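S.K.: okay, sequence plus prediction incoming.
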Amino acid sequence: MENILVAGANGTTGKKIVQLLKSSQYFNPIAMVRKPEQVEQFKSENVSTVLGDLTEDITHTVENIDKVIFAAGSGGKNVVEVDQEGAKRLIAISKMANVNKFVMLSSMGADNPEEAEDLQDYLKAKQNADEHLVNSGLNYVIVRPGTLNNSEGKGKIELKQKLNKRGDISRADVAQTLVRALNDDAPNNEIFEILEGETLISEAMNQLDTQIS
(Lines give C-alpha, C1' and ligand atoms only; values in the text may rest on other atoms or scores of the structure.)
Protein backbone atom coordinates (compact mmCIF):
# COMPACT_ATOMS: atom_id res chain seq x y z
CA MET A 1 0.00 0.00 0.00
CA GLU A 2 1.16 3.51 -0.78
CA ASN A 3 1.49 6.05 2.02
CA ILE A 4 -0.52 9.19 1.21
CA LEU A 5 0.16 12.41 3.11
CA VAL A 6 -3.03 14.47 3.41
CA ALA A 7 -2.26 18.13 4.11
CA GLY A 8 -5.37 19.73 5.56
CA ALA A 9 -6.64 16.42 6.92
CA ASN A 10 -8.63 18.12 9.67
CA GLY A 11 -10.66 20.20 7.23
CA THR A 12 -14.13 19.31 5.98
CA THR A 13 -12.88 17.99 2.64
CA GLY A 14 -9.69 16.61 4.18
CA LYS A 15 -11.62 14.35 6.56
CA LYS A 16 -13.56 12.91 3.63
CA ILE A 17 -10.29 12.27 1.78
CA VAL A 18 -8.84 10.44 4.78
CA GLN A 19 -11.92 8.21 5.08
CA LEU A 20 -11.79 7.31 1.38
CA LEU A 21 -8.10 6.46 1.63
CA LYS A 22 -8.70 4.43 4.76
CA SER A 23 -11.30 2.29 2.99
CA SER A 24 -9.08 1.81 -0.05
CA GLN A 25 -7.09 -1.34 -0.66
CA TYR A 26 -4.29 0.63 -2.30
CA PHE A 27 -3.63 3.60 -0.02
CA ASN A 28 -2.68 4.25 3.59
CA PRO A 29 -3.56 7.77 4.78
CA ILE A 30 -1.18 9.84 6.88
CA ALA A 31 -3.17 12.75 8.30
CA MET A 32 -1.11 15.93 8.59
CA VAL A 33 -2.53 18.06 11.39
CA ARG A 34 -1.40 21.33 12.92
CA LYS A 35 -2.39 20.93 16.56
CA PRO A 36 -1.64 18.09 19.01
CA GLU A 37 -5.28 17.99 20.10
CA GLN A 38 -6.29 17.11 16.53
CA VAL A 39 -4.27 13.90 16.64
CA GLU A 40 -6.62 11.98 18.94
CA GLN A 41 -9.64 11.91 16.61
CA PHE A 42 -7.55 10.24 13.89
CA LYS A 43 -5.83 7.88 16.32
CA SER A 44 -9.25 6.71 17.50
CA GLU A 45 -9.95 5.70 13.89
CA ASN A 46 -6.58 3.95 13.50
CA VAL A 47 -5.32 6.60 11.12
CA SER A 48 -1.65 7.55 11.32
CA THR A 49 -0.89 11.23 11.88
CA VAL A 50 2.02 13.63 11.59
CA LEU A 51 2.19 17.06 13.19
CA GLY A 52 3.07 19.84 10.78
CA ASP A 53 2.39 23.56 10.41
CA LEU A 54 2.59 24.76 6.81
CA THR A 55 4.03 28.08 8.00
CA GLU A 56 7.02 26.31 9.59
CA ASP A 57 9.58 23.62 8.75
CA ILE A 58 7.69 20.53 7.62
CA THR A 59 10.56 18.48 6.20
CA HIS A 60 9.76 15.59 8.56
CA THR A 61 6.23 15.19 7.20
CA VAL A 62 7.27 13.55 3.91
CA GLU A 63 9.38 10.75 5.36
CA ASN A 64 8.26 7.43 3.83
CA ILE A 65 5.53 9.20 1.83
CA ASP A 66 4.71 7.95 -1.67
CA LYS A 67 2.15 10.57 -2.75
CA VAL A 68 0.63 13.79 -1.44
CA ILE A 69 -2.82 15.38 -1.49
CA PHE A 70 -2.79 19.08 -0.67
CA ALA A 71 -6.24 20.01 0.63
CA ALA A 72 -5.17 22.61 3.17
CA GLY A 73 -6.48 26.15 3.33
CA SER A 74 -6.47 29.14 5.61
CA GLY A 75 -10.16 29.87 5.18
CA GLY A 76 -9.23 33.27 3.80
CA LYS A 77 -7.38 34.33 6.95
CA ASN A 78 -3.79 33.90 5.78
CA VAL A 79 -3.91 33.07 2.09
CA VAL A 80 -0.36 34.05 1.17
CA GLU A 81 1.35 32.25 4.03
CA VAL A 82 -0.79 29.08 3.99
CA ASP A 83 -2.52 28.64 0.60
CA GLN A 84 0.48 29.93 -1.36
CA GLU A 85 3.72 29.68 0.60
CA GLY A 86 2.61 26.64 2.62
CA ALA A 87 1.82 24.80 -0.59
CA LYS A 88 5.15 25.84 -2.12
CA ARG A 89 6.95 24.64 1.02
CA LEU A 90 5.32 21.21 0.80
CA ILE A 91 5.97 20.99 -2.94
CA ALA A 92 9.67 21.72 -2.39
CA ILE A 93 10.19 19.04 0.25
CA SER A 94 8.08 16.55 -1.74
CA LYS A 95 10.46 17.07 -4.63
CA MET A 96 13.45 16.50 -2.34
CA ALA A 97 11.82 13.33 -1.00
CA ASN A 98 11.10 11.98 -4.52
CA VAL A 99 7.36 11.84 -3.93
CA ASN A 100 5.72 10.02 -6.85
CA LYS A 101 2.69 12.27 -7.31
CA PHE A 102 1.36 15.53 -5.89
CA VAL A 103 -2.39 16.13 -6.13
CA MET A 104 -3.41 19.74 -5.54
CA LEU A 105 -6.87 20.93 -4.55
CA SER A 106 -7.07 24.31 -6.26
CA SER A 107 -10.09 26.37 -7.28
CA MET A 108 -11.96 27.30 -10.39
CA GLY A 109 -10.85 30.83 -11.30
CA ALA A 110 -7.23 30.28 -10.27
CA ASP A 111 -6.21 30.56 -13.91
CA ASN A 112 -7.52 34.16 -14.13
CA PRO A 113 -7.78 35.66 -10.62
CA GLU A 114 -8.07 39.21 -11.96
CA GLU A 115 -11.37 38.33 -13.65
CA ALA A 116 -13.01 37.23 -10.39
CA GLU A 117 -15.58 39.48 -8.74
CA ASP A 118 -14.35 38.49 -5.30
CA LEU A 119 -11.73 36.33 -3.56
CA GLN A 120 -9.04 37.71 -5.86
CA ASP A 121 -6.34 37.44 -3.17
CA TYR A 122 -7.24 33.81 -2.53
CA LEU A 123 -7.34 32.91 -6.22
CA LYS A 124 -4.01 34.66 -6.84
CA ALA A 125 -2.45 32.64 -4.02
CA LYS A 126 -3.85 29.43 -5.54
CA GLN A 127 -2.57 30.45 -8.98
CA ASN A 128 0.94 31.01 -7.62
CA ALA A 129 0.89 27.66 -5.81
CA ASP A 130 -0.39 25.87 -8.92
CA GLU A 131 2.29 27.43 -11.12
CA HIS A 132 4.96 26.47 -8.61
CA LEU A 133 3.77 22.85 -8.74
CA VAL A 134 3.70 22.79 -12.55
CA ASN A 135 7.28 24.06 -12.65
CA SER A 136 8.54 21.84 -9.84
CA GLY A 137 9.32 18.75 -11.90
CA LEU A 138 6.97 16.66 -9.76
CA ASN A 139 4.32 14.46 -11.32
CA TYR A 140 1.17 16.42 -10.55
CA VAL A 141 -2.59 16.71 -10.90
CA ILE A 142 -4.30 20.03 -10.15
CA VAL A 143 -8.06 19.83 -9.55
CA ARG A 144 -10.09 23.06 -9.76
CA PRO A 145 -13.65 22.61 -8.47
CA GLY A 146 -16.47 25.12 -8.54
CA THR A 147 -18.18 26.30 -5.36
CA LEU A 148 -18.02 23.61 -2.68
CA ASN A 149 -21.14 22.49 -0.84
CA ASN A 150 -21.95 19.84 1.76
CA SER A 151 -24.51 17.92 -0.30
CA GLU A 152 -24.31 14.15 -0.46
CA GLY A 153 -21.87 12.98 -3.10
CA LYS A 154 -23.30 11.56 -6.32
CA GLY A 155 -20.08 10.03 -7.59
CA LYS A 156 -20.75 11.85 -10.86
CA ILE A 157 -19.13 15.01 -12.18
CA GLU A 158 -18.54 17.16 -15.22
CA LEU A 159 -14.82 17.43 -15.99
CA LYS A 160 -12.82 19.32 -18.58
CA GLN A 161 -9.54 21.16 -18.72
CA LYS A 162 -11.66 24.31 -18.99
CA LEU A 163 -15.42 24.21 -18.41
CA ASN A 164 -16.12 27.88 -19.22
CA LYS A 165 -18.97 28.06 -16.73
CA ARG A 166 -19.57 28.33 -13.02
CA GLY A 167 -21.40 25.96 -10.69
CA ASP A 168 -21.31 23.87 -7.52
CA ILE A 169 -19.95 20.50 -6.50
CA SER A 170 -20.10 18.53 -3.26
CA ARG A 171 -17.03 18.18 -1.10
CA ALA A 172 -17.65 14.42 -1.18
CA ASP A 173 -17.29 14.30 -4.97
CA VAL A 174 -14.23 16.55 -4.84
CA ALA A 175 -12.65 14.19 -2.31
CA GLN A 176 -13.41 11.21 -4.55
CA THR A 177 -11.86 12.96 -7.54
CA LEU A 178 -8.69 13.80 -5.61
CA VAL A 179 -8.29 10.21 -4.41
CA ARG A 180 -8.97 8.85 -7.90
CA ALA A 181 -6.24 11.18 -9.21
CA LEU A 182 -3.69 9.31 -7.08
CA ASN A 183 -3.97 6.22 -9.24
CA ASP A 184 -1.10 5.55 -11.60
CA ASP A 185 -3.51 5.19 -14.53
CA ALA A 186 -5.18 8.54 -13.77
CA PRO A 187 -4.13 11.62 -15.80
CA ASN A 188 -0.66 12.88 -14.98
CA ASN A 189 0.71 16.42 -15.23
CA GLU A 190 -2.75 17.84 -15.91
CA ILE A 191 -4.97 20.67 -14.68
CA PHE A 192 -8.74 20.30 -14.93
CA GLU A 193 -11.97 21.81 -13.63
CA ILE A 194 -14.88 19.90 -12.12
CA LEU A 195 -18.54 20.58 -11.34
CA GLU A 196 -21.43 18.32 -10.41
CA GLY A 197 -22.48 16.36 -13.47
CA GLU A 198 -23.76 13.10 -14.88
CA THR A 199 -20.54 11.19 -15.65
CA LEU A 200 -19.00 8.73 -13.19
CA ILE A 201 -15.80 10.17 -11.73
CA SER A 202 -13.58 7.36 -13.03
CA GLU A 203 -15.17 7.58 -16.47
CA ALA A 204 -14.82 11.38 -16.58
CA MET A 205 -11.12 11.10 -15.78
CA ASN A 206 -10.62 8.36 -18.36
CA GLN A 207 -12.33 10.55 -20.96
CA LEU A 208 -9.94 13.40 -20.15
CA ASP A 209 -7.02 11.01 -20.57
CA THR A 210 -8.40 9.97 -23.95
CA GLN A 211 -8.82 13.58 -25.07
CA ILE A 212 -5.22 14.31 -24.13
CA SER A 213 -3.75 11.26 -25.85
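M.R.: Happy to help now that I have it.
S.K.: any low-confidence regions in this structure?
M.R.: Residues of the chain meeting the criterion pLDDT under 70: 209-213.
S.K.: where do the helices of it begin and end?
M.R.: 12-22, 39-43, 85-96, 120-134, 171-180, 201-212 (DSSP state H).
S.K.: show me what contacts residue 129?
M.R.: 83-84, 87-88, 91, 104, 106 (C-beta atoms under 8 Å, 6 or more residues apart in numbering). Glycine gets a C-beta too; all of them are placed from N, C-alpha and C.
S.K.: got it, and residue 87?
M.R.: 54, 70, 72, 104, 129, 132-133.
S.K.: how does it look with 6 Å?
M.R.: 70, 129 (C-beta atoms under 6 Å, 6 or more residues apart in numbering).
S.K.: which one of the helices of the chain lies closest to residue 145?
M.R.: Among these, the nearest to residue 145 by C-beta to C-beta is helix 171-180 (4.9 Å).
S.K.: now do the closest one: which elements does it pack against?
M.R.: Of the remaining helices and strands, those touching helix 171-180 by 3 or more C-beta pairs under 6 Å, 6 or more residues apart in numbering; DSSP states H and E are helix 12-22, strand 140-145, helix 201-212.
S.K.: quick one: the most centrally placed residue in the chain from residue 182, how far?
M.R.: Compute the mean C-alpha point of the chain, and by C-alpha atoms, centre = their mean the closest residue is residue 105, 3.1 Å away. Between residue 105 and residue 182 the distance is 13 Å, computed by C-beta to C-beta, to the nearest Å.
S.K.: got a list of what residue 9 touches?
M.R.: 18, 31-33.
S.K.: how about the nearest residue to it once chain neighbours are set aside, what does it touch?
M.R.: Among residues not flanking residue 9 along the chain, residue 31 sits closest, at 3.5 Å (C-beta to C-beta, 6 or more residues apart in numbering). By C-beta under 6 Å, 6+ apart, the residues touching residue 31 are 6, 9, 18, 42, 47, 49.
S.K.: quick one: residue 41 from residue 69, how far?
M.R.: In terms of C-beta to C-beta, residue 41 sits 18 Å off from residue 69.
S.K.: what does residue 114 give?
M.R.: 28 Å.
S.K.: of these two, who's got more company?
M.R.: Legend: neighbour count by other C-beta atoms under 10 Å for residue 114 and residue 69, higher for residue 69 (31 against 9).
S.K.: any idea how far residue 110 is from residue 154?
M.R.: 24 Å.
S.K.: the two: which is more packed in?
M.R.: Neighbour count, other C-beta under 10 Å: between residue 154 and residue 110, residue 110 has more, with 23 against 16.
S.K.: could I get the phi/psi values of that one?
M.R.: Main-chain dihedrals, residue 110, degrees, to the nearest 10: phi -70, psi -10.
S.K.: spit out the contact partners of it.
M.R.: 123, 126-127, 130, 144.
S.K.: how much space separates it from residue 201?
M.R.: 21 Å.
S.K.: and residue 33, by the same measure?
M.R.: For residue 33, the distance to residue 201 - C-beta to C-beta - is 27 Å.
S.K.: number of nearby residues for residue 117?
M.R.: 6.
S.K.: cool, thanks, signing off.
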